[in-house]
Structures are given as C-alpha cells and as structure tokens.
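Student: Turn this into a model:
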Amino acid sequence: MLTAMTVSAVAATPLLSGTPAVAVPDGPGELLYIGTWGQGQVYAARFDPGRGTMTSLGSVAQVSSNWVAAHPARPVLYVAGSEQGGHIRVFRIDETSGALRQLDEITVETVPMGSGGLSYIGLTKKADALLVADFAAGSAVTVPVGPDGGLRSVASVVQDAGSGPSPRQTGPHPHHVVIDPSRRYALVADFGADRVFVYDYDPATRRMSAGAPDGPGSYATAPGSGPRRLAFHPNGRTLYLLNELTADIQVLGWDSAQGILTERQLLTTNSPDHTGTTSAAELAVSRDGRHLYTSNRGENTLVVFSAAPETGLLTEIQRIPCAGVTPWSLALHPGGRWLFVANEASDSVNLFAVDRASGGLTDTGASLAVPRPDCIAFSRRPEGPGAGPS
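Tutor: Have a look, this model is predicted:
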C-alpha cells in the first residue's frame, strides 16, 4: 500500500502555444494516433473511411505513450506515459498536417510502487473530464477538461486496495476507469485486486470519492482473473468486464440506484482446445449494442459476440485470426464499418471490415507498420455550425 500521495499540475498554457514536434505531409482523410509500448513515440496515419486505406505519417511525437486519447470536438490529443509519476501530456493537433505540438503536462506524483506507469486515459461522454488509471500507483484519477480541451488541476485521486494470487497481483493495479450512464458512479477495473471498485462520482466537480464510511463498493471476480476492461451496453443496465489472466468475459447486471453489480453470464474467449498462454486484452461494443468485440493475446485471435437487445447476454458468433501477433488493443471506427487492431508484437496496425448487419469481421489485408503499437485514437473534424477549436 502507498503511504503517501501528492498531486501536482504544471501551470496551464494556452492551447495555441507550443512548438511543433514534427512536420508531415498534407493529405485527405481522418487522423489516427497510435501509442507505442516502450518505444517513446506517438505515430500518426491518415485513414480514408470510404476506401478503407491507411497512409502512414510516421512518428509525430517523441514521448512515452502507454495510452492515447483524442478529444471528440477539439484538435487535442492526450498522451499517458509509462514513467513513474503518472505523466499526462497534452498536444495540439494540426488538422492539415497531422503534426503535434505539446501544450501542457500534468503529473500525478506518487510514492513509487512497482512499474508500468499509467495503463489508461479516456474522456467522459461529455468530454468534461479525463479518467486515469495509474497501474503502478494503484490509484485512479480524474482531471477536469476545459471547453478548449485543456486540462485543469487534478480533481480527485482514489486509492484501490487488495491483491491476488498471481505474481503480477502483489498489490492494486487499476487498468480501466469508466463513468456509468447515470453519471453517479465511477467504476474501476483493478487487475491486481481482482475487483471492480465502485466509487461515487460528482459530475459537477468531476470528483471520485469512496462514498460510504467503510470505503467504495466493489464486485469481486474469481481469484487470479485480473480485471482489465469495462464497457456498458447502451441499455445502461448491463456492464461487460474482460478479465486478462483468465481470458474470459463477464456479463454483469448494473443497478444504478444502489451502485451494485451482479453476475449474469461468464464466457471464455479461449478456443475449446486452448493450450499455452492465457491472456485477453481489449473490449469494444458496437454503438447499437448488438455486437461485442474482444482480443485474445494468448491465441492471437479476435472473438465476436452478439448481444441480446433486452438482456445484453452474449453468444459467440465468430473467431478470427488477428492478422498479427499479440493484439494489445482494438478500436471500432465511429462510423461502425471498420475495426483497427494494434498487434503489438508484430509491429502492425491491421484493418478489418465490419459487417454491420451480422457483426462479422473480414481481414482487409491493409496494415500499417508501427513499432509496438498499443492503442489507437481517432481525431475527426467536427461537423456543423460552431464546431472546431475555439
């Protein structure tokens, strides 16, 4: 357990300041930003959703990038580092060239605990807060986001507790943070503690808190399961939990009135004849809630499930090779026609077509060479009057 914790923030700077990290050629299409595990770089690419083509723009920032997240309405990219101390850097996106320039940096300082740094950053649905999982420190953090996309001072830090039987579970290790649809709770998937912690969340202040005097609520997974990813079904009553060490997915009922999770279904992502390493990594739900996608790193596969409209219960419908090695992450394109896979050990981002009727995947054969890719973020030019940077 940590014995002390402090939080500090670098003074905010205007979003239009900074020096470009690199200049890259102009070109049409949307922008993809790709984090690289242990490589100290952020890569970028152009994507044409009409043709399904990716064009590399190369490295656009020399910075540790455990995870990247893009603002949905501003040309801003957030990059989480692997260094001890929990560094989050803010970059301005040049929408014409794809180049990045650093604008700000915020640091969650902790007493050193293990290694790995930050495991996740992501924006709330309203993009008014950045949610942070500090794997190394065992803590989860919220940082308010201003109207221009800039980060404010850290609003809250909560400390998980617990451990599991695996040598990788000697203490708490948050891997993912989400806000429930009611915006009353923050849920933290803790890999080290074999728990999903349920914290109170105040959307006005963007603060998490333990709530009850005896600490946060929690849902206990099987010992040694290693909770990694969470995703709500659009019905708001179902939560999907992907466990890394056991490579299974749990369908959980969610009671937003009391903040309670209950198990409803447990399915493996392993094949019936599975042998060797067991490891699941990523989870995504289609916008309409009809299909769910997972990556299995032990078998180098993608597993697709259909979801019942009312209950959210799952049925496996497809198992397909990931077109590489170690599918660390995957991301559904907002348009619903494409799925990107970051195959970390084969140094490639691979593109799959999505059949929106059946949910099935087809390997397009398109790939992008990126060293040790670990996550993918989309930066799309907003549409409509008043959209774009202020």
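Student: Next, name the residue at the spatial heart of this protein.
Tutor: The centre of the chain sits closest to residue 120, judged by C-alpha atoms, centre = their mean, with a distance of 5.3 Å.
Student: For residue 52, see how far away that residue is.
Tutor: To residue 52, residue 120 is 28 Å away according to C-beta to C-beta, to the nearest Å. (Glycine included, C-beta is placed from N, CA and C.)
Student: Assign residue 140 to helix, strand or coil.
Tutor: The three-state label given to residue 140 by DSSP: H, G, I helix; E, B strand; the rest coil is strand.
Student: Run through the bridge partners of it.
Tutor: For residue 140, the beta-bridge partners are residue 133, residue 158 (DSSP bridges).
Student: shaky segments in the stretch 101-250 of the chain?
Tutor: Residue ranges of the stretch 101-250 of the chain with pLDDT under 70: 109-116.
Student: all strands for it, in order.
Tutor: Secondary structure of the stretch 101-250 of the chain (DSSP state E, counting those that start in this stretch): strands located at 118-123, 129-134, 139-144, 156-159, 174-179, 185-190, 195-202, 207-209, 217-220, 227-232, 238-243, 248-255.
Student: The ones you listed: which one's closest to residue 369?
Tutor: When those are compared by C-beta to C-beta, strand 118-123 sits nearest residue 369, at 24.9 Å.
Student: From the contact counts, what lies against that closest one?
Tutor: Under the contact criterion of 3 or more C-beta pairs under 8 Å, 6 or more residues apart in numbering; DSSP states H and E, strand 118-123 touches strand 67-70, strand 76-80, strand 87-93, strand 129-134, strand 174-179.
Student: Please state the offset of that strand from the chain centre?
Tutor: Distance of strand 118-123 from its chain centroid, counting by C-alpha atoms, centre = their mean, to the nearest Å, is 6 Å.
Student: So which bits of that strand are buried?
Tutor: Buried residues in strand 118-123, counted by 16 or more other C-beta atoms under 10 Å: 118-123.
Student: Show me the two of those residues that sit farthest apart.
Tutor: Top of the distance list for the buried residues of strand 118-123 (C-beta to C-beta): 119 and 123, 16.0 Å.
Student: Report the separation between the residue nearest to the centre of the chain and residue 316.
Tutor: Distance from residue 120 to residue 316, by C-beta to C-beta: 26 Å.
Student: now swap in residue 284 and tell me
Tutor: Distance, residue 284 to residue 316, by C-beta to C-beta: 15 Å.
Student: which of those two has more neighbours?
Tutor: Neighbours around residue 284 and residue 316, counted as other C-beta atoms under 10 Å, are more numerous at residue 284. The numbers are 18 against 15.
Student: pLDDT score for the more buried one?
Tutor: Note for residue 284: predicted pLDDT of 98.
Student: tell me which element it is part of?
Tutor: Per DSSP states H and E: residue 284 is located in strand 280-285.
Student: ok, so of the buried residues of strand 118-123, who is nearest residue 340?
Tutor: Nearest member of these to residue 340, counting by C-beta to C-beta, is residue 122, at 16.3 Å.
Student: Confirm for me that that closest one is in contact with residue 70.
Tutor: No - using C-beta atoms under 8 Å, residue 122 is not in contact with residue 70; the gap is 10.2 Å.
Student: Turn the strands of the stretch 101-250 of the chain into TSV, including distance to residue 81.
Tutor: Below are the strands of the stretch 101-250 of the chain laid out as TSV (distance: least, C-beta to C-beta, whole Å):
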stretch	distance to residue 81
strand 118-123	6
strand 129-134	11
strand 139-144	14
strand 156-159	17
strand 174-179	16
strand 185-190	20
strand 195-202	24
strand 207-209	22
strand 217-220	28
strand 227-232	20
strand 238-243	24
strand 248-255	29
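Student: out of the ones you listed, nearest to residue 371?
Tutor: Residue 371 sits nearest to strand 118-123 of all those, at 19.5 Å, using C-beta to C-beta.
Student: between the closest one and strand 185-190, how big is the angle?
Tutor: If you take axes from the mean of the first three to the mean of the last three C-alpha atoms, to 10 degrees, strand 118-123 sits at 160 degrees to strand 185-190.
Student: now what about strand 118-123, what contacts it?
Tutor: 66-69, 71-72, 78, 80-82, 86-88, 129-136, 145, 173-178, 191 (C-beta atoms under 8 Å, 6 or more residues apart in numbering).
Student: what about stretch 138-147, distance to the chain center?
Tutor: Stretch 138-147 has its C-alpha centroid displaced from the chain centroid by 14 Å (C-alpha atoms, centre = their mean).
Student: mind checking the end-to-end distance for it?
Tutor: 29 Å (C-alpha to C-alpha, to the nearest Å).
Student: May I have the residues that are in contact with residue 29?
Tutor: Contacts of residue 29 (C-beta under 8 Å, 6+ apart): 46-49, 53, 55.
Student: Now do it against residue 35, distance only.
Tutor: Taken as C-beta to C-beta, the span from residue 29 to residue 35 is 20 Å.
Student: all strands for the stretch 251-390 of the chain, in order.
Tutor: Going by DSSP E, counting those that start in this stretch, the stretch 251-390 of the chain shows strands at 260-268, 280-285, 291-296, 301-307, 314-321, 327-332, 338-343, 348-354, 361-369, 373-379.
Student: Let me know which of those is the nearest to residue 99.
Tutor: Using C-beta to C-beta, those put strand 373-379 closest to residue 99, at 12.0 Å.
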